[in-house]
Structures are given as structure tokens and as C-alpha cells.
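A.B. asks: I need the structure of the sequence given here:
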Amino acid sequence: MKISRLNSIEEYVLSQKTVSIDELCEVFNVSKNTIRRDLNELEARGHIAKVYGGVTAITPEDVMPLPVRSGLNPTAKDYIGQLAVREISDGDTVFIDSGSTAVCVLRHLPPRTKLTIVTHSLPAMVEASKFDNVNLISLGGVYNASTSSFVGISAQQALSDLRISKAFLSATGVTVESGMSNTTFLEAEIKRGVVAHASHVILIADNSKLGHDATVTFCRLQDITTFITDQQPAPKFVEFCRAHNVRILWE
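C.D. replies: Residues are numbered from 1 along each chain as shown. Sure thing, here's the model as predicted:
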């Protein structure tokens, strides 16, 4: 119960940006001493910071809005989308995340493809809604304008009831040592939940993401099924994937 309260408080602060201790006491119906103890634990996670009379969210400086991210490396992302769509078969239940590369997968779907698409991304919902034979499932949650997606506990809980055939996940950074990482905590939590419920985890990331770490790691590289990128990665990525039976595609 305490863990649930801590997660709820953290989500509330991240969504509200800055909150007073009095407000937290009222919202969560606990004493100031309890809130202070909870905030001490939450501060250690690194996503919030205590300020005078309350607490504030720590927002990574490198979180770019989706329209900005979509304009970066468009040719590479479109190429990855063309490769990725070949992994989809009729009858699949496919997860599409909020990354700008993931939306490109949907743009190359054959018109008569019959499948179920699960997503928390608003742009992905718009793309998926164009297909007559697609069953679209939205995870719900609280809308995050910077990522154009819905996040939060309700979105995470919705994943627990779903069986996902193939999950297409993008990443802000990918390294052999740390795996796949993202700049925002709530997005990373969604991705972790998807990894836990997907039969096949497919990383889609252009070459500019390789060799860089972001704030929050959500999946080890050896835990994915397939890695799709736009050009041949550095030898250490190729060797690592081969050693861990991860398919790697770039052509």
C-alpha cells in the first residue's frame, strides 16, 4: 500500500509540476509527517526535489516536443518504418509507443492489414484510425503535451490485461552497457510495462541514438527480440546482438 501511495504521489507531482505539502496531505489524506517521509524516499528516485513548503518536478532539459523530434532524421525514420512493417502479420496485437519513429511504422501498413493496435500515443491513434481493419485500443491516462501521449497509473494498469504479440519501442539512447533509455520517467514506466507483456520486443532506433545514454533505462539490449535501424551499427552493437540471439536489421 505504501509503494502504491509513493507512486501515486510521484505521478501527481510530475503532472502538477509544483505542489505544496498541504495540498499533498489533502489529496492523499495523510499527515504532514507521513508526507515528509514519503517525499524523502521519492527525492532519492531523482525525479522530484523538495523546495520550501512543498516539492517540485525535475524536468530533463533534453525533452523535446514530438513535432520537433519528428523533424529530426525523417529519412532514416521513414526507412526504419519500411523495414519494421515487414515484421507485422495479420492477427497480431501490436504496441506502438510515443516515439516519432514508431508512428512511421503505421504509415507503411498495407491498407487491408487485419490486426489490433495498442498505443498511448495520440499521433499513433490518428494514424491507426485511418485503417478499416484495425482494432484500436488506447491505454488512456493523463495527456502529456511534450510527448503527445497519455501516461500515468491508469495507462500502466491497462497493460496488465493485454497480451501483446509485438511491441515497437523507440529510445532516446541505446548503449550495450545500459540498454534502452528515455528522458522521461512516466514514458519509461509505460515502456517497462510493455516489455513485461510483449512476446516480441522490437527496438526501432536510427543510428544517431546509438552510443548515448538518457535519464531512465527501461530495457536491457539482450532482452529484445529484434533491433531495426537505418544503417550498419558499430561493430560492438552487431557483436553484442549476435551473442545474445538478437536479430539486427538495417537493410
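A.B. asks: Next up, the contacts around the residue nearest to residue 99 when sequence neighbours are not counted.
C.D. replies: With Cβ to Cβ, 6 or more residues apart in numbering as the measure, residue 170 is the residue that lies nearest to residue 99, at 2.6 Å, once sequence neighbours are left out. Yep, even glycine has a C-beta here, placed from its N, CA and C like the rest. For residue 170, the set of contacting residues under the criterion of Cβ atoms under 8 Å, 6 or more residues apart in numbering consists of 97-102, 203-205.
A.B. asks: what pLDDT does residue 170 get?
C.D. replies: Reading off the per-residue confidence, residue 170 sits at a pLDDT of 94.
A.B. asks: Check which helix or strand the closest residue to residue 210 other than its chain neighbours maps to.
C.D. replies: On the basis of Cβ to Cβ, 6+ apart, the spatially nearest residue to residue 210 that is not a chain neighbour turns out to be residue 174, at 5.2 Å. Per DSSP states H and E: residue 174 is located in strand 173-175.
A.B. asks: hmm, who's touching that strand?
C.D. replies: Surrounding strand 173-175, the residues in contact under the criterion Cβ under 8 Å, 6+ apart are 180-182, 203, 205, 209-214, 221.
A.B. asks: One more pass at 6 Å, please.
C.D. replies: Residues from elsewhere that reach strand 173-175 (Cβ atoms under 6 Å, 6 or more residues apart in numbering): 180-181, 205, 209-210, 212-214.
A.B. asks: And those, which is closest to residue 19?
C.D. replies: Looking at the contacts of strand 173-175 and their distance to residue 19, the nearest is residue 214, at 25.4 Å (Cβ to Cβ).
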